[in-house]
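J.: Have a look at this prediction, sequence included:
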Amino acid sequence: MTNNKPAGDNSPRFGSTTPGTPFAAATQPAGIASKVQLQAASADAVLAVVPHMLGFYPSKSLVVLGLGAQNRVLVTFRYDLPEPPDEELARDIAEHAGYVLDREHISSALLVGYGPEHLVAPVIGIAGVRLLGRGIDLHEVLWADGGRYWSMLCDEPSCCPPEGRSYDPCSHPAAAAMAGAGLVAQPDREALARTLQRPAGAADVISQATGRALARLQDLVDRGEAAGDRDPQLRATRTGRREVQRAIRRYRCGGSIDSIEHLAWLAVLLSDIRVRDDAWARMHPAFRDQHCRLWTDVIRSAALDYVPAPASLLAFTAWQAGNGALASMAIDRALSANPSYSMAHLLAEAIEAALPPSAARMPMTPAAVAASYATSPSGSRSRAEGKAGGGKAGAGRAGAGRAGAGRAGAGRAGGRKTDAGKAGGRLANAGKGASDPQRRHSGGGQAGRSRPQGATSRSRVSRGAKRAEPGVGR
């Protein structure tokens, strides 16, 4: 990789609007990834940055960084490598990666394959060749395994020795810079999943707290019936909106809720989709980290039947934060509890399509959401989500609300220009030797679901290599 920095300075650059002014992450809650500039970064600096873009240190993965002007990171997304190797899945992954980059008008990319050579080579080789064929420049193609890395675009022993080069992503200054910018990396994907687990030994406490919450909710409905309310459920809905709004304000101010009793109460209240959609409409991206903390806490104290709503809200806010892995885990939690939960299905389509965080915007205000329900018939409270569209609020309709103007990736990015012929030959050789196509993965799909704009059918990528998981980006 090229390096135009003074000797000893190998960390990625953070851009700023004023020349000579360092980027201050604390005052820039949105678009942190787009401030990361890789033009002058060394390979070990890139490898130190990637885990923070994903939220965890990847393994057995293909990571794609889409680069724009001056090699600023515009999109980041990751795929599980097929295990055992599967040539057809490798081709589907390559096609999907090219589709995402084309959709976002990005013409330069950096690929990183993590894991043993027999898993990495078939996928990264095919992906590299396919991207070059689409006219996408490859800024760099790296393979990392066992604390060593290799450039797959370089065969000069003096530059890229056959034994690779050692690297330590944890101790690199770039890792500290990313952590300081608020992008923390968990040790692995499993460690990230553990952040959603309920406290040890809390099952009985949660069950009892949920029972008391349901009794409180029923009491509100009973009062409405006794008073002759036209919609007795409306009292519970109003209480739910008020309680959840109060919790959102508390977390935005840096507070938290430690009481399982309180968190279980919130989980039960969110089972009313009018309450959930009011909360959804308040998920402003400027507070995405605080919202992620809130919904994580609610999930950890929710009984199974009351997981889908907070899990879907967490998926949305994690997507806003560029944490596609956490969003995927939250979607899985929601659908495990209720396979027909439509909000989770809608968000799954957006995540599988690797739509960038900028697409995670709400098209309606809380007032508009409330007005849309004002004429709705009673009985909308349902654990199964009474409306097939995932409620009135929508998900930013996945493709809608995307940053349309000024695609920074429309022009050619700077940095090393790839000789397509030579690089294509090297990558094609790397891709040889994929396993027998008969040894393919199989798995269930989500047949019959409507797909959001920008999310075309990529069933084998979704089934066999799990879903594409977007990281932080524009």
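T.: Happy to help now that I have it.
J.: element containing the closest residue to residue 91 other than its chain neighbours, please.
T.: In space, not counting the residues next to it along the chain, residue 91 is nearest to residue 126; the distance is 5.7 Å by Cβ to Cβ, 6 or more residues apart in numbering. (Each C-beta comes from the backbone N, C-alpha and C, glycine too.) Per DSSP states H and E: residue 126 is located in helix 117-133.
J.: follow-up on the earlier one: what pLDDT does the model give the residue nearest to residue 91?
T.: With respect to pLDDT, residue 126 has a value of 96.
J.: hey, where'd the helices end up in the stretch 201-350 of the chain?
T.: Ranges of helices in the stretch 201-350 of the chain, per DSSP state H, counting those that start in this stretch, are 203-226, 233-252, 260-269, 273-281, 288-300, 308-320, 324-337, 342-352.
J.: List the buried residues of the first one.
T.: By neighbour count, and taking 16 or more other Cβ atoms under 10 Å as the criterion, the buried residues in helix 203-226 are 206, 209, 210, 213, 214, 217, 220, 221, 224.
J.: Ok, the second one next?
T.: Buried residues in helix 233-252, counted by 16+ other Cβ under 10 Å: 233-237, 239-241, 243-244, 247-248, 251-252.
J.: surely residue 196 meets residue 302?
T.: No: applying Cβ atoms under 8 Å, one finds residue 196 not in contact with residue 302, separated by 10.5 Å.
J.: which residues sit in contact with the residue nearest to the spatial centre of the chain?
T.: By Cα atoms, centre = their mean, the chain has its centre lying nearest to residue 324, at 1.5 Å. Each residue near residue 324 by Cβ atoms under 8 Å, 6 or more residues apart in numbering is listed here: 54, 55, 77, 78, 318, 351, 354, 468, 469, 470, 471.
J.: From residue 189, how far out is the residue nearest to it when sequence neighbours are not counted?
T.: Nearest residue to residue 324, sequence neighbours excluded (Cβ to Cβ, 6+ apart): residue 469, at 3.5 Å. Applying Cβ to Cβ, to the nearest Å, the value for residue 469 to residue 189 is 9 Å.
J.: In the stretch 351-474 of the chain, where is pLDDT below threshold?
T.: Residues of the stretch 351-474 of the chain meeting the criterion pLDDT under 70: 375-467, 472-474.
J.: Sorry, wrong one. I was asking about the chain.
T.: Within the chain, the stretches with pLDDT under 70 are 1-41, 375-467, 472-474.
J.: Using the record's assignment, carve the protein into domains.
T.: Per the record, the chain has its domains at 13-188+404-470, 193-374, by automatic domain parsing.
J.: mind checking how far the shortest one is from the chain centre?
T.: Just to be clear, that refers to domain 193-374. Put simply, domain 193-374 sits 18 Å off its chain's centre (Cα atoms, centre = their mean, to the nearest Å).
J.: need the helices of the stretch 201-350 of the chain in JSON lines with distance to residue 144, can you?
T.: Output for the helices of the stretch 201-350 of the chain, formatted as JSON lines (distance: least, Cβ to Cβ, whole Å):
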{"stretch": "helix 203-226", "distance to residue 144": "40"}
{"stretch": "helix 233-252", "distance to residue 144": "36"}
{"stretch": "helix 260-269", "distance to residue 144": "39"}
{"stretch": "helix 273-281", "distance to residue 144": "38"}
{"stretch": "helix 288-300", "distance to residue 144": "28"}
{"stretch": "helix 308-320", "distance to residue 144": "25"}
{"stretch": "helix 324-337", "distance to residue 144": "18"}
{"stretch": "helix 342-352", "distance to residue 144": "24"}
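J.: between residue 196 and residue 302, which one's more packed in?
T.: residue 302 (29 against 18; other Cβ atoms under 10 Å).
J.: Please name the residues that touch that one.
T.: If you count contacts by Cβ under 8 Å, 6+ apart, residue 302 has them with 206, 210, 263, 264, 267, 310.
J.: Please repeat the previous calculation with a cut-off of 10 Å.
T.: Contact partners of residue 302, counting by Cβ atoms under 10 Å, 6 or more residues apart in numbering, are 198, 206, 209-210, 260, 263-264, 266-268, 270-271, 295, 308-311, 333, 337.
J.: try residue 311
T.: 196, 267, 270, 295-296, 298-299, 302, 329-338, 341, 343-344, 347.
J.: Also residue 120?
T.: 60-62, 81, 85, 111-114, 142-145, 150, 152, 430.
J.: Return the closest of those with respect to residue 280.
T.: Top of the list for closeness to residue 280, among these and by Cβ to Cβ, is residue 61 at 30.3 Å.
J.: Quickly note the distance from the residue nearest to the closest one when sequence neighbours are not counted to residue 78.
T.: Among residues not flanking residue 61 along the chain, residue 114 sits closest, at 4.7 Å (Cβ to Cβ, 6+ apart). Distance, residue 114 to residue 78, using Cβ to Cβ: 9 Å.
J.: Now do the shared contacts for those two.
T.: Jointly contacting residue 114 and residue 78 under the rule Cβ under 10 Å, 6+ apart are 50, 58, 61, 62, 63.
J.: Can you flag which of those belong to strands?
T.: The strands in this structure, assigned by DSSP state E, contain 61, 62, 63 from the shared contacts of residue 114 and residue 78.
J.: Surely the last one touches residue 57?
T.: It stands for residue 63. No: judged on Cβ atoms under 10 Å, residue 63 makes no contact with residue 57 at a distance of 11.1 Å.
J.: Mind checking which of these two has more residues around it?
T.: Neighbour comparison, residue 63 and residue 57: the larger count goes to residue 63, with 25 against 20 (by other Cβ under 10 Å).
J.: What's opposite the more buried one in the beta bridge?
T.: Counting by DSSP bridges, residue 63 forms beta bridges with residue 78, residue 112.
J.: which residues does it contact?
T.: Residues counted as contacts of residue 63 (Cβ under 10 Å, 6+ apart) are 46-47, 50-51, 53-54, 76-79, 110-114, 124, 142, 144, 469, 471.
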